[in-house]
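[1] Have a look; sequence and predicted model below, questions after that.
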Amino acid sequence: MDLKNVCKYLLCLLCITVFYSCSEKPDVIYTNGKIYTLNSGNIVAEAMAIKDGKILDVGTSADINDDYSSEEVVDLKGAVVLPGFIDSEGSIIEFSKNLNFINLSYAKNIDEIKNLILQKVKNTNEGEWIGGYGWNELIIPQEDLEIMSKEILDEVAPNYNVYLVNASLNTVWVNSRLLRYLKIDKDTPSPENGEIEKDGKGEPTGLLYDDAVNLVKDNVPGLLKNEMLVQVEKGLKEISKYGITQVHDRTVGMEGLEIFKELIDSKKFPIKVYAVLSGEDSSLIETYLSKGVLINYGDRLTIRAITLDYDGQFELQDAAMNDEFKSEPKKRSLMLQKMI
């Protein structure tokens, strides 16, 4: 090969090398960390290169610095890096809605619940609904449970529709304004499988049990689609903040899928979703049974499963058995004869 051809070859090789390096240039490099890859043979790495939100390479700090360059290099200073977590059973829509609600899971007594409501009132327009969830009969003292009533909620939020659902989702505590809105008074009968608790004078106390909870649930105003888009975007940011990179969501309906796709198309969907269609929406099921699975839409959404909830939620004395329970309360029992 003559000198002219050698020069051409070297120039070509240089161009290929430069082009290859540019195409593989990471957006950010992390060094000097304890990065748990979960790869067989090399579980812990010191450094990694990231491109387009994905791991391009892992290795020692020296190897990554030799093989790649980036304007942004982060020294982890020995910090631990874990792979993204997967929520195996979550509901993105419900989680996002709940961001508007008061979290009562850690409330230890009525005074703490009242204080949380007062904080919510400060940022809520008069006349709006105030929802809370998660208060727990096992945490709140018995003497506080015995005095729970609409009057306590009236003290802190008389001009709002207040409803507080317990952790088991079978009791809701409401104020007088909401009772009036729902037209629940001393003449209102309890539903067949529920109870509107009433005092010695026959007046509603503000506590509704079991199927009576639906009297509130069915009347809570829903969000408009544009409001839900904003709310779900907030929910996704909150979810990803805790290192969750994927959710297996088994409560997805048509409206939820439309919201997911719109946010994915707008590049506002930071996590992945394995969607399980709810068997309650027969039209949606028929649509996907005919057109088949959806795999990795926008590198974010996969739909390839259906859930069928045929006997409600198992709790307390629900079980699969031949005979009825001998003690109260008697729950509907079920015997599975055959699983196909």
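    On my side now, so go ahead. Predicted, not measured: the structure shown is a model, and the values here were computed from it.
[2] So which other helices or strands are in contact with the helix or strand where residue 115 lies?
    Using DSSP states H and E, residue 115 falls within helix 110-121. Contact partners of helix 110-121 among helices and strands, from 3 or more Cβ pairs under 8 Å, 6 or more residues apart in numbering; DSSP states H and E: strand 102-103, strand 129-135, helix 150-156. In short, each C-beta sits where N, CA and C put it, glycine included.
[3] those helices in the protein, which residues are they?
    3-23, 61-67, 92-98, 110-121, 142-146, 150-156, 176-181, 214-217, 225-241, 254-265, 282-291 (DSSP state H).
[4] Now do the third one: everything it contacts.
    I take that to be helix 92-98. Contacting residues not belonging to helix 92-98 are listed as 133, 223, 228, 231-232, 234-236, 238-239, 247, 249, 251-252, 256, 259-260, 273 [Cβ atoms under 8 Å, 6 or more residues apart in numbering].
[5] Let's test this: mean pLDDT of it, rounded?
    In this model, helix 92-98 has an average pLDDT of 89.
[6] Show me how far that helix is from its chain's centre.
    Relative to its chain's centre, helix 92-98 lies at 5 Å (Cα atoms, centre = their mean, to the nearest Å).
[7] Check stretch 121-132 too.
    Relative to its parent chain, stretch 121-132 has a centroid offset of 22 Å by Cα atoms, centre = their mean.
[8] which residues are contacting it?
    Stretch 121-132 is contacted from outside by 100-104, 113, 116-117, 120, 156-157, 159-165, 220-221, using Cβ under 8 Å, 6+ apart.
[9] Can I get the buried part of these as one ChimeraX selection?
    A single ChimeraX command selects the buried members of the contacts of stretch 121-132 (16 or more other Cβ atoms under 10 Å):
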select :101,102,104,113,116,117,120,156,157,160,161,162,163,164,165
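[10] what pLDDT does the residue nearest to residue 202 when sequence neighbours are not counted get?
    In space, not counting the residues next to it along the chain, residue 202 is nearest to residue 186; the distance is 4.2 Å by Cβ to Cβ, 6 or more residues apart in numbering. If you check residue 186, the pLDDT there is 94.
[11] Backbone dihedrals for residue 189, please?
    Reported as degrees, to the nearest 10, the phi and psi values for residue 189 are phi -80, psi 150.
[12] gap between it and residue 69?
    Distance of residue 189 to residue 69, given as Cβ to Cβ, to the nearest Å: 75 Å.
[13] of these two, who's got more company?
    Between residue 189 and residue 69, counting by other Cβ atoms under 10 Å, residue 69 is the more crowded of the two (13 against 6).
[14] Would you mind measuring from that one to residue 33?
    To residue 33, residue 69 is 18 Å away according to Cβ to Cβ.
[15] What of residue 222?
    Going from residue 222 to residue 33 by Cβ to Cβ gives 45 Å.
[16] So the two - more neighbours on which side?
    In this comparison of residue 222 against residue 33, neighbours counted by other Cβ under 10 Å, the higher total goes to residue 33 at 20 against 9.
[17] Give me the nearest residue to that one, chain neighbours excluded.
    residue 76 (3.2 Å).
[18] That neighbour: how many residues sit nearby?
    Using other Cβ under 10 Å as the criterion, residue 76 is surrounded by 17 other residues.
[19] That one against residue 32, yeah?
    Yes: in this structure residue 76 lies within contact range of residue 32 using Cβ atoms under 8 Å: 5.3 Å.
[20] Name all residues that make contact with residue 85.
    The neighbourhood of residue 85, defined by Cβ under 8 Å, 6+ apart, consists of 242-245.
[21] I'd like to know which of the residues you listed is nearest to residue 265.
    For those, the minimum distance to residue 265 (Cβ to Cβ) is 19.7 Å, reached by residue 245.
[22] Give me the pLDDT for the residue lying closest to that closest one once chain neighbours are set aside.
    Setting aside the residues directly before and after it, residue 245 is nearest to residue 84 in space (Cβ to Cβ, 6+ apart), at 2.8 Å. Among the per-residue scores, residue 84 holds a pLDDT of 90.
[23] what's the burial count for residue 84?
    When neighbours are defined as other Cβ under 10 Å, residue 84 has 11 of them.
[24] can you tell me how far it sits from residue 212?
    Using Cβ to Cβ, residue 84 is found at 41 Å from residue 212.
[25] repeat for residue 83
    From residue 83 across to residue 212, the span is 45 Å (Cβ to Cβ).
[26] Looking at the two, which one has more neighbours?
    More neighbours sit around residue 212 than around the other of residue 83 and residue 212, counting by other Cβ under 10 Å; the figures are 23 against 13.
[27] quick one, what contacts the closest residue to the more buried one other than its chain neighbours?
    Distances taken as Cβ to Cβ, 6+ apart put residue 194 closest to residue 212, at 3.4 Å, once the chain neighbours are dropped. Counting by Cβ under 8 Å, 6+ apart, residue 194 makes contact with 208-214.
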